[in-house]
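Colleague: Quick one: sequence plus predicted model below, questions after.
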Protein chains: 2
Amino acid sequence: MQVARLDSLLVSALPNVQYLTGFTGSSGSLLLTPALASFFTDSRYDLQSHSEVKCAQVIIGKGDAVMAAARWGSAKQLGRVGYDSGALSVDQFGKLREVFAGAGSASKAKTRLVSAAGHVEALRMVKDADEIELIRKAVHLGSRCFEETLLLLKNGVTETELAAEIEYRMRLYGGEKTAFETIIAFGDRTALPHARPTSRRLKPNEFVLFDLGVILSGYCSDMTRTVFWGKAPAKAKAMYKAVLESQLASENSVRAGIDCGTVDRAARRVLEKRGFGRYFTHSTGHGLGIEVHENPRVAAKQSAVLEEGMAITIEPGAYIPGVGGVRIEDVVIVRKNHGEVLTQTAKSLLEL
Amino acid sequence: MQVARLDSLLVSALPNVQYLTGFTGSSGSLLLTPALASFFTDSRYDLQSHSEVKCAQVIIGKGDAVMAAARWGSAKQLGRVGYDSGALSVDQFGKLREVFAGAGSASKAKTRLVSAAGHVEALRMVKDADEIELIRKAVHLGSRCFEETLLLLKNGVTETELAAEIEYRMRLYGGEKTAFETIIAFGDRTALPHARPTSRRLKPNEFVLFDLGVILSGYCSDMTRTVFWGKAPAKAKAMYKAVLESQLASENSVRAGIDCGTVDRAARRVLEKRGFGRYFTHSTGHGLGIEVHENPRVAAKQSAVLEEGMAITIEPGAYIPGVGGVRIEDVVIVRKNHGEVLTQTAKSLLEL
């Protein structure tokens, strides 16, 4: 707040509220003033907020939590108030301004709203030891769900059924929910990086791609594995090998002090050398934590520098339209001299 | 658009985009100009958008779909452009204004951004026959998942396990995902209207509350049932009966032409008469469709008038802190002279 020259901070984006207070409900806001930290929610979360929020006083209001904070704060001297301009809608901002304008004459120091976008997100990029352990547990749960579901592969099973089996296990073993819509793709559908599961049935001799994430104790996992149902022909093996070497090269490049563009380059260079460069159509990875997509972006020309404690995915792929695709993805923690791969699931090509 | 005196409309809220175009992906926008309808997404959704979007030209852009629409539109004469002020962030709006300002001199008629919040949402309130059939199918799927999971009740089962079993079936039978976080609560936890499932184990002689919704073919279901595990004591039976009578009275009040406050009143009056008025701490219901919470709100003093084809929930409840709660919820279609209850699951108290 000092760096951004803010006197107060109104936090409304829920992942930021969770990061700063521990609150995991669906409606909450945090107001930091020079004197006090105050958390706002509604009566549905009375018990839950009192048990989760330890660092701020809890105020149970009515309706929208941001407006409850604004009404409460309008009687105080807030000075320059930072707000989440990236998460607040134009309509909410208009109402916020009205609340503070109405109270303007009453407070000695004038309240001024200034954008504070990205400040909390920047703090969230570097994870502390407790957060890393939570991510590790989520990653291990993801691996367990994947490995158990692998046993259910058979001719005729549908993509949707496998997604159901994976998500069932996520829940059964204590996960709160999926971190994103589970991707299961068979055969030529593996060439769609963003395939939504369908009633397509598994046939002999095709790739099966799994991309899954679970939220456990508030933190996300994210993993992708591609296996072959049958005996893989030479072309499929060559594509898989190129993606795996790309993924390993990129992981091996990770350490504190290098920039994200270099990590992306490490993955891309291998695929280009193997003739798959033009089939690698997305970026190499992304940060993750409370949200499954956080900063930094691990993509071409990104100059952001990796710091110890950042959690990122490394997930190169190759997709040949009409034929099929391969993607391999791990979660990696940035350490001083290396990248610590949290994902323990094997990566050699499985022919099942 | 004529009523709101708009020349063009930039639709960015995804449920509105889905309603107007059929697109179900996670990034898309729609720009309606006097001459043309144009849909914008990125390369991940190339195939999907071409198959789903029939009423507009599809333009595959880079990055944020709203900005892609703005850049494309900045070269056109858009006049007064409505935008989703309730769904666009302050930062996005700032970028939007820059894009249009930069192009201002080139276009003959000046582009002016005006709030168009709520216009598409108002259209969405009244469902056509096709939409009602989709909601009916989602509701029936919800009932099926509930009834199958009821068979799994046993001493020692956890709330989380039952949630996993329900969500597994939603997926297995073709649902895209849950419409909201499944609520399963045992015993005194049924007094929390918004209970998140925990590892709490089922014991003899307690209430079990299920509140679940599934999204099937883009439309939501929402249902709540409360059953008794064991032989219900007289007090529990009395509370259940009061909530059921309240729920039936409210459903029986539904028809085109009456206001939402009256429907809420019908539920509340019964609970007050039975001595449970102060334990009914939330509103009676809400519209649902593409989103699980849509207009109209069925709450105290709401003057919005029900129209034929609206889809609403009716879900009164009573919650005694430290003791337990009961809620019963159906989806109801507003017809000319009555409310058509879509939820077929029985409502008499089940003692299991």
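Modeller: Alright, I've got the coordinates.
Colleague: From now on I want contacts and neighbour counts done on CA atoms only, so please keep to that.
Modeller: Noted.
Colleague: show me what contacts A:S250?
Modeller: Neighbouring residues of A:S250 by CA atoms under 8 Å, 6 or more residues apart in numbering or on different chains: A:263-267, A:314.
Colleague: how many other residues sit next to A:G325?
Modeller: 29 (other CA atoms under 10 Å in any protein chain shown).
Colleague: What strand or helix carries it?
Modeller: strand A:324-327 (DSSP states H and E).
Colleague: List the contacts of that strand.
Modeller: So strand A:324-327 is in contact with A:187-192, A:207, A:209, A:224-226, A:239-240, A:243, A:315-319, going by CA under 8 Å, 6+ apart.
Colleague: Keep only those of these that are in helices.
Modeller: A:239-240, A:243 (DSSP state H).
Colleague: I'd like these as TSV, with pLDDT appended.
Modeller: Below are the ones in helices among the contacts of strand A:324-327 laid out as TSV (pLDDT from 0 to 100):
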residue	pLDDT
A:M239	98
A:Y240	98
A:V243	98
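Colleague: and A:L141, helix, strand or coil?
Modeller: Under DSSP: H, G, I helix; E, B strand; the rest coil, A:L141 falls in the helix class.
Colleague: what residues are up against it?
Modeller: Contacts of A:L141 (CA under 8 Å, 6+ apart): A:170, A:173, A:214.
Colleague: need the next SSE after the strand holding A:G325, C-terminal direction.
Modeller: strand A:330-334.
Colleague: Tell me the strands beside the helix or strand following that next one, with direction?
Modeller: The element immediately downstream of strand A:330-334 (helix or strand, assigned by DSSP H and E) is strand A:339-341. Strand pairing for strand A:339-341, using DSSP bridges, gives strand A:330-334 (antiparallel).
Colleague: Export the strand it pairs with to CSV, keeping only CA atoms.
Modeller: Provided in CSV are the C-alpha atoms of strand A:330-334 (Å, rounded to 0.1, in the frame of the first residue of the first chain):
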residue,chain,number,x,y,z
ASP,A,330,3.3,-30.9,-14.8
VAL,A,331,3.2,-28.3,-12.0
VAL,A,332,6.6,-27.0,-11.2
ILE,A,333,7.8,-24.9,-8.2
VAL,A,334,10.6,-22.4,-9.0
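Colleague: Identify the residues contacting it?
Modeller: Under CA under 8 Å, 6+ apart, the answer for strand A:330-334 is A:132, A:139, A:221-224, A:251, A:254-256, A:306-315, A:339-343.
Colleague: Which of these fall within strands?
Modeller: A:223-224, A:311-314, A:339-341 (DSSP state E).
Colleague: These into JSON lines, with extra columns for pLDDT?
Modeller: Below are these laid out as JSON lines (pLDDT from 0 to 100):
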{"residue": "A:M223", "pLDDT": "98"}
{"residue": "A:T224", "pLDDT": "98"}
{"residue": "A:A311", "pLDDT": "98"}
{"residue": "A:I312", "pLDDT": "98"}
{"residue": "A:T313", "pLDDT": "98"}
{"residue": "A:I314", "pLDDT": "98"}
{"residue": "A:G339", "pLDDT": "98"}
{"residue": "A:E340", "pLDDT": "98"}
{"residue": "A:V341", "pLDDT": "98"}
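Colleague: Closest to chain B out of the residues you listed?
Modeller: Nearest to chain B among those is A:T224, at 16.9 Å by CA to the nearest CA.
Colleague: For that closest one, give me its contacts.
Modeller: A:209-212, A:315, A:327-330.
Colleague: If we use 6 Å, what do you get?
Modeller: By CA atoms under 6 Å, 6 or more residues apart in numbering or on different chains, A:T224 lies in contact with A:210-211, A:328-329.
Colleague: Quick one: name the residues of chain A near chain B.
Modeller: A:85-91, A:161, A:164, A:168, A:171-172 (CA under 6 Å from any CA of the partner chain).
Colleague: Who wins on neighbours among those?
Modeller: That'd be A:A164 among those, by other CA under 10 Å, with 27 neighbours.
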